[in-house]
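Colleague: Got a sequence here, can you model it:
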Amino acid sequence: MRNLRTGFLCVLALFLVSDAIAQEVFINRSTAEMPMQPPGMGPRQMKTGTARIRGRVMSAETGAPVRRAQVRIAGPDIGSKSAMTDGEGRYEFRDLPGGRFTLSATKSGFVSVQYGQTRPYESGKTIELVEAQVLDKTDISMPRGSVISGRVLDEFGDPVADAMVNAMRSAWTGGRRKLQPTGRMAQTNDLGQYRIYGLPPGDYYVSATLRAGDGMMMDMAMAAAVSGAGGAVAGGPVGSSPNSGYAPTYFPGTTNSADAQRLTLAVGQEAQSTDFALLPVRLAKITGVVMGSDGKPVEGSMINAVPKSGEAGMMMMFGGGAGRSDKNGSFTLSNVAPGDYILQTRAMQIMTTGAGDNMTFSMRVGGPDGGDAEVGSLPVTVAGEDLANVVILTSKGATASGRLSFEGGTKPANLTGIRITSSAADGDSSGVFAMGGGSGSVKADGTFELRGLTGTRVIRAGGLPSGWMLKSVNVNGADVTDGGLEFKPGEAVAGVDVVLTSKVTEVSGTVKGSNGQPVKDYTLVIFSDEPQRWEMPFSRHVAGARPNQEGRFQFKSLPPGGYYAIATEYVAQGEWGDPDVLERLKAKATKFSLDEGESKTLELTLR
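Modeller: Have a look, this model is predicted:
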């Protein structure tokens, strides 16, 4: 039964964050990183060739081979492939086509790194191959990972088991700076001990939360199984619920991220005895009803209390503050810690087959009749007292329909691989229900439709054929490419014209040092000479990248306009999105202009 519960929670977690993952992939594409296959697209034909990459993975401290390290290569024409190093740290990839690739290595106890990466959270270098090329000595140096270890206790000094502990760092993401999980997480044992390993050197903040959601999730699943139609079951026995619990807590013992203590780690250093106690708080209960656009109660709607700060990230998924409405639309969220939240709701059907350990679950967004899912949200503040008679009104999201237009070349033969996406203009994807999302594949005739849209959305096109780039997005003659378009509940917006052009821009070049010699290790940042464009959501006018293995940089598909370009020793991945960073870089940057379809070559000096 434990395996059943674990499997269900994993499936539910993946389902809830799928839209957020899609948005993250889209963001990476817009910043000139190696493209990935957009979620939801069908399989594409992988290419093979006669090129090879060979190299070794070695310890940065000792130069010794790193045995049994996993090396992964990725590219738009091959997907992702992996290899394992041998006893001498060697690896090889064969039958590669010509193209651009990224290479990375992982091994327990070491920092996961990309080829060409020399600093923490820096992008790696791309590898460019031509057909039949053999690239030897493509070596990767892996530093020993740093560690944060300690104990999580309760207010009585007793150990807390099964608490989830995160290492977090301050990063620019979603258009603002906030604490972001590094991807490393630990769970405390029966002694309250945790150990987060494999961290790059740098500054970190530690947070902990006590999971409380497994039973709630299983209760909803079992209710769906009993009802047979995916609806909630009202009535029956009632269990007691504590009126106190633990808030997500930052080391050394605060619920406010601004008061969290910073830990600075050197390479391979272990910060030991990082002990702290979870802060007890009075937990509240939120009760209310979900009402649909037709004025009727909504049955089977998932309700989640999402922290406004968005800093808790994935760790909040398993906390309190989640529930499902019954046949009367009524819901109860138990064990909600004090804080500011957005109550988000979305109709979701949970269906089961089998029984006992053989029971399986499947989920479908939408009402019992298979209709479109209605969504709703409501801001609330929890201060330790129960909230009653809360009413969440839902509505059907807007739809947007349109077609692709092509300028400057022959229309591509196959359009079905192109995907139209929409993302929230504020760039905040912290809501685990990804409210008001929408994406869709382009049909063979070039038309598309997006559903379930709410708020202001930025529309983009992904998976474009080679030789094409986005020129503009227009609605009724208005250019909404960068500012986005506001969608109202139930609205049907027609005539969305996504214009693609074959006049693709390209900026490339090399960098030299102050001594006039070529430099191969740097980060290149290009940004608009109009500061107001720096703060645009998913700005097409700001990009950063590392050079290839030969030290040459390349950017494609930048919109025409005036730009600054600067080569500097180090800018962490994504930090070039921070307007304050760009303002500092501007003083030493080189100014240039880029016309439609122009290929520009720059010779820059490292700054």
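
Colleague: which parts of stretch 586-604 are buried?
Modeller: Going by neighbour count (16 or more other CB atoms under 10 Å), the buried part of stretch 586-604 is 589, 594, 600, 602, 604. In short, each C-beta sits where N, CA and C put it, glycine included.

Colleague: is it true that the second one touches residue 564?
Modeller: When you say that, I think you mean residue 594. No. Between residue 594 and residue 564 there is no contact under CB atoms under 8 Å: 11.5 Å.

Colleague: Common neighbours of these two, please.
Modeller: In terms of CB atoms under 8 Å, 6 or more residues apart in numbering, residue 594 and residue 564 are not both contacted by any residue.

Colleague: any idea where the strands of the stretch 151-300 of the chain begin and end?
Modeller: 163-173, 176-187, 193-199, 202-210, 244-247, 249-250, 263-265, 270-271, 276-277, 279-282, 284-291 (DSSP state E, counting those that start in this stretch).

Colleague: From these, pick the one with the highest average neighbour count.
Modeller: Stretch with highest mean neighbour count among the strands of the stretch 151-300 of the chain: strand 249-250 (a mean of 24; mean count of other CB atoms under 10 Å).

Colleague: List the contacts of that strand.
Modeller: 205-209, 255-257, 259-261, 276-279.

Colleague: and that strand, how far from the chain's centre?
Modeller: 23 Å (CA atoms, centre = their mean, to the nearest Å).

Colleague: ok, now stretch 159-174?
Modeller: Distance, centroid of stretch 159-174 to centroid of chain: 16 Å (CA atoms, centre = their mean).

Colleague: what's the answer for stretch 136-155, then?
Modeller: That offset, for stretch 136-155, works out to 22 Å (CA atoms, centre = their mean).

Colleague: CA atoms of it as CSV?
Modeller: In CSV, the C-alpha atoms belonging to stretch 136-155 read as follows (Å, rounded to 0.1, in the frame of the first residue of the first chain):
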residue,chain,number,x,y,z
ASP,A,136,39.3,14.3,-29.1
LYS,A,137,40.3,15.4,-25.6
THR,A,138,36.8,16.8,-24.8
ASP,A,139,37.6,16.6,-21.2
ILE,A,140,35.4,17.5,-18.2
SER,A,141,36.8,18.5,-14.9
MET,A,142,34.5,17.8,-11.9
PRO,A,143,35.1,19.5,-8.5
ARG,A,144,34.2,17.8,-5.3
GLY,A,145,30.7,18.8,-4.1
SER,A,146,30.2,20.9,-1.0
VAL,A,147,27.9,19.7,1.8
ILE,A,148,25.4,21.2,4.2
SER,A,149,24.5,18.9,7.1
GLY,A,150,22.7,19.2,10.4
ARG,A,151,19.6,18.3,12.3
VAL,A,152,16.0,19.5,12.3
LEU,A,153,14.3,19.6,15.7
ASP,A,154,10.9,20.5,17.1
GLU,A,155,10.2,23.2,19.7
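
Colleague: Residue 404 against residue 443, yeah?
Modeller: No. Counting by CB under 8 Å, residue 443 is not a contact partner of residue 404; they are 9.8 Å apart.

Colleague: Of the two, which one has the most company?
Modeller: Comparing residue 404 with residue 443 by other CB atoms under 10 Å, the one with more neighbours is residue 404, at 23 against 14.

Colleague: Please settle this for me: is that one part of a strand?
Modeller: Yes. When DSSP: H, G, I helix; E, B strand; the rest coil is applied, residue 404 is found to be in a strand.

Colleague: any idea what sits nearest it, other than its immediate chain neighbours?
Modeller: Closest residue to residue 404 apart from its sequence neighbours, by CB to CB, 6 or more residues apart in numbering: residue 446 at 4.4 Å.

Colleague: Dihedrals phi and psi, the one you found?
Modeller: The phi and psi values for residue 446, taken as degrees, to the nearest 10, are phi 90, psi 0.

Colleague: roughly how far apart are it and residue 463?
Modeller: 14 Å (CB to CB, to the nearest Å).

Colleague: and what of residue 529?
Modeller: 30 Å.

Colleague: Between these two, which has more neighbouring residues?
Modeller: residue 463 (21 against 15).

Colleague: Residue 210 is in contact with residue 283, correct?
Modeller: No. Assessed by CB under 8 Å, residue 283 is found out of contact with residue 210, at 11.4 Å.

Colleague: Now the common contact residues for these two.
Modeller: With CB under 8 Å, 6+ apart as the test, residue 283 and residue 210 both reach residue 245.

Colleague: Domain parsing of the protein, as residue ranges.
Modeller: Domain assignment for the chain, taken from automatic domain parsing, gives 45-142, 146-234+241-395, 397-501, 506-605.

Colleague: What is the burial count for residue 112?
Modeller: Neighbours around residue 112, by other CB under 10 Å: 19.

Colleague: tell me the pLDDT at it?
Modeller: Note on residue 112: pLDDT of 94.

Colleague: Please identify the nearest residue in space to it, excluding sequence neighbours.
Modeller: Closest to residue 112 by CB to CB, 6+ apart is residue 106, at 4.4 Å.

Colleague: contacting residues around the one you found?
Modeller: Contacts of residue 106 by CB under 8 Å, 6+ apart are 69-70, 72, 112.

Colleague: For the stretch 501-607 of the chain, just list every one of the strands.
Modeller: Counting by DSSP E, counting those that start in this stretch, the strands of the stretch 501-607 of the chain are 506-512, 518-519, 523-528, 542-545, 553-556, 561-568, 590-594, 599-605.

Colleague: With adjacent residues omitted, what lies nearest to residue 185?
Modeller: If the residues on either side of it in the chain are set aside, residue 185 comes closest to residue 166, at 5.4 Å by CB to CB, 6+ apart.

Colleague: Next: residue 337.
Modeller: Once flanking residues are discounted, residue 337 sits nearest to residue 247: 4.2 Å by CB to CB, 6+ apart.

Colleague: Pull up the gap between the one you found and residue 185, please.
Modeller: Taken as CB to CB, the span from residue 247 to residue 185 is 18 Å.

Colleague: now swap in residue 483 and tell me
Modeller: Residue 483 is 37 Å from residue 185, by CB to CB.

Colleague: Out of the buried residues of stretch 586-604, which is nearest to residue 140?
Modeller: Proximity of the buried residues of stretch 586-604 to residue 140 (CB to CB) peaks at residue 604, which lies at 26.6 Å.

Colleague: my guess is the closest one contacts residue 552, does it?
Modeller: No. If you go by CB under 8 Å, residue 604 and residue 552 don't touch, sitting 11.4 Å apart.

Colleague: Give me the common contacts of those two.
Modeller: Counting by CB under 8 Å, 6+ apart, the residues touching both residue 604 and residue 552 are 509-510.

Colleague: got any ranges where this protein has weak pLDDT?
Modeller: Low-confidence regions of the chain, defined by pLDDT under 70, span residues 1-44, 211-242, 309-321, 348-372, 427-438.

Colleague: Where does residue 401 sit, in terms of helix or strand?
Modeller: strand 398-407 (DSSP states H and E).

Colleague: from the chain's centre, how far out does that strand sit?
Modeller: Its chain's average C-alpha position is 26 Å from that of strand 398-407, according to CA atoms, centre = their mean.

Colleague: who does it pair up with?
Modeller: Its sheet considered, strand 398-407 pairs with strand 447-453 (antiparallel), strand 492-501 (parallel) by DSSP bridges.

Colleague: and among those strands, the most buried is which?
Modeller: Among those, the stretch with the highest mean neighbour count (mean count of other CB under 10 Å) is strand 447-453, at a mean of 20.

Colleague: Neighbouring strands - and their directions - for the next helix or strand after that strand?
Modeller: Heading C-terminal from strand 447-453, the first helix or strand you meet, by DSSP H and E, is strand 455-462. Paired with strand 455-462 in the same sheet, following DSSP bridges, are strand 419-424 (antiparallel), strand 485-487 (antiparallel).

Colleague: Am I right that residue 344 is in contact with residue 375?
Modeller: Yes. Between residue 344 and residue 375 there is a contact at 7.5 Å, judged by CB under 8 Å.

Colleague: And the helices in this protein, which stretches?
Modeller: Here the chain has its helices, by DSSP state H, at 2-30, 214-227, 579-586.
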